[in-house]
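Student: Sequence and computational prediction follow.
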Amino acid sequence: MPDLRASLIRSPRSIVCVAIVVSGLAACEGPPRSVREAGGSVVVDDFGDSVSVRPAAQRVVSLNPVTTELLFAMGAGPRLVGRSRWDGWPLAALEVPEVGDAMPPNVEAILARRPDLVVLYASPSNRTAATRLQEAGVRTLAVRTDAVRDLRRIATALGALLGDSLAASATVDSTLRAVDSVRALAAAGDRRPSVAWIVWDDPLIVIGGGSYRSELLAVAGAVNAFADLSAPSPQLSIEELVRRDPDVLIVGTRMAERFATDARWGQLRAVRERRLILPDTGIVGRPGVRMGEAARHLRELLRPIAPVAP
């Protein structure tokens, strides 16, 4: 098999419903749910918990890279008093004290930061932590950040909780304009290469139609070869991957090295023709304020080996 190492297309830094209803603010898709309490409005998070928007939060612990990035983009970085160990962008986030993991989080470490708002990912593994924080008198907002459409709903909630809805709206508008500018380029072209985004190779796990990254491929002018699978990251056989015969594979550095030496992967046309790209996962991995940058990044990596419209 040809040596793939010298021909990989990689990034210069390649590395391996929140239902919100606030009085006077935009609601999420689907039937709106309005919940009020004496003396003020609330938001309703993905756990179905009501969170008072008053008083405006001043000490925030964010345990989700998407919401951490969003808070900084909104100008609320100075209000952050804690983050998870996964939150590393922007660089200013690294100056925020780390409180450990995000799923499940360390409740004692969070409480030690004396927050008046904690933002969690709405995973079942975080349900207990959210309840404990609420029992300690701390407001919690549990959100799912899995799709492009989630950004506006989450920003709307954060804007209400921080008392700065204008900054939230402006941040989302700017982000989605950047996404739409790349989407417009894709719409102008006829050729949309099929792409298999491989998360892991043993067992073989790919990005399915339920993942934000499947949306990102569409924005960038490509087609997810497994968009018909509703799971975010389905497991499948190498035979199925060979059968679908994608034009391009998106892989990690170590995977690419294994593909170069393991004859099984030589069954794939994309491997034989050296159509592998290695994106910067720090950019493309999250449906946050860098989505426009992420789509353009993918598009630039795809063009040399699977030409898309200029």
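Tutor: Now that the structure is in, tell me what you want to look at.
Student: which residue packs closest to R183, ignoring adjacent ones?
Tutor: For R183, ignoring the flanking residues on the chain, the nearest one in space by CB to CB, 6 or more residues apart in numbering is V219 at 4.8 Å. For the C-beta atoms, the positions are set from N, CA and C on the backbone; glycine is no exception.
Student: Least confident secondary structure element in this structure?
Tutor: strand 36-37 (a mean of 33; mean pLDDT, DSSP states H and E).
Student: immediately after that strand, which helix or strand?
Tutor: On the C-terminal side of strand 36-37, the closest following helix or strand by DSSP states H and E is strand 40-44.
Student: Tell me how far Q267 lies from D245.
Tutor: Distance, Q267 to D245, by CB to CB, to the nearest Å: 10 Å.
Student: swap in F259?
Tutor: Using CB to CB, one obtains 15 Å as the distance from F259 to D245.
Student: All the helices of this structure, residue numbers only.
Tutor: 65-73, 107-111, 127-135, 150-162, 165-187, 212-220, 238-244, 253-261, 269-272, 281-284, 291-302 (DSSP state H).
Student: From L120, how far off is G285?
Tutor: Computed as CB to CB, the G285 to L120 distance reads 19 Å.
Student: ok, those two, which is more surrounded?
Tutor: L120 (29 against 17; other CB atoms under 10 Å).
Student: Do I have it right that that one meets L63?
Tutor: Yes. Here L120 reaches L63: they are 5.3 Å apart, a contact under CB atoms under 8 Å.
Student: F259 and D245: which has the busier surroundings?
Tutor: F259 (23 against 13).
Student: shouldn't that one be in contact with W265?
Tutor: Yes. Counting by CB under 8 Å, F259 does reach W265; the two are 4.3 Å apart.
Student: Now do the shared contacts for the two.
Tutor: D201, V271 (CB atoms under 8 Å, 6 or more residues apart in numbering).
Student: so who does I198 touch?
Tutor: I198 neighbours (CB under 8 Å, 6+ apart): L204, I205, V206, L249, I250, V251, G252, M255.
Student: Any of these buried? List them.
Tutor: Among the contacts of I198, the ones that count as buried by 16 or more other CB atoms under 10 Å are L204, I205, V206, L249, I250, V251, G252, M255.
Student: Pairing partners for the residue lying closest to F47 once chain neighbours are set aside in the sheet, please.
Tutor: Excluding the flanking residues, the one nearest F47 by CB to CB, 6+ apart is A142, at 4.5 Å. Beta-bridge partners for A142, by DSSP bridges, are L120.
Student: Let me know the pLDDT of A142.
Tutor: Here the pLDDT value assigned to A142 is 97.
Student: ok, now which ones touch it?
Tutor: V18, D45, D46, F47, D49, V119, L120, Y121, A122, N126, A130.
Student: cool, E69 as well?
Tutor: So E69 contacts D87, W89, P90, A93, R286, G288, V289, R290 (CB under 8 Å, 6+ apart).
Student: now do 10 Å
Tutor: If you count contacts by CB atoms under 10 Å, 6 or more residues apart in numbering, E69 has them with S62, G77, D87, G88, W89, P90, A93, T171, R286, G288, V289, R290.
Student: in the stretch 1-150 of the chain, what spans have low per-residue confidence?
Tutor: Applying pLDDT under 70 to the stretch 1-150 of the chain flags residues 1-40.
Student: mind showing which ranges of the stretch 201-310 of the chain have poor pLDDT?
Tutor: 306-310.
Student: try it again with 90
Tutor: By pLDDT under 90, the low-scoring segments of the stretch 201-310 of the chain are 202, 253-254, 256-264, 281-282, 285-286, 303-310.
Student: before we move on, the earlier item: using JSON lines, please lay out the contacts of E69 together with neighbour count and distance to A227.
Tutor: As requested, the contacts of E69 are exported to JSON lines (neighbours: other CB atoms under 10 Å; distance: CB to CB, whole Å):
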{"residue": "S62", "neighbour count": "31", "distance to A227": "31"}
{"residue": "G77", "neighbour count": "17", "distance to A227": "36"}
{"residue": "D87", "neighbour count": "25", "distance to A227": "29"}
{"residue": "G88", "neighbour count": "15", "distance to A227": "30"}
{"residue": "W89", "neighbour count": "17", "distance to A227": "28"}
{"residue": "P90", "neighbour count": "15", "distance to A227": "31"}
{"residue": "A93", "neighbour count": "19", "distance to A227": "32"}
{"residue": "T171", "neighbour count": "25", "distance to A227": "28"}
{"residue": "R286", "neighbour count": "21", "distance to A227": "20"}
{"residue": "G288", "neighbour count": "22", "distance to A227": "22"}
{"residue": "V289", "neighbour count": "23", "distance to A227": "25"}
{"residue": "R290", "neighbour count": "21", "distance to A227": "22"}
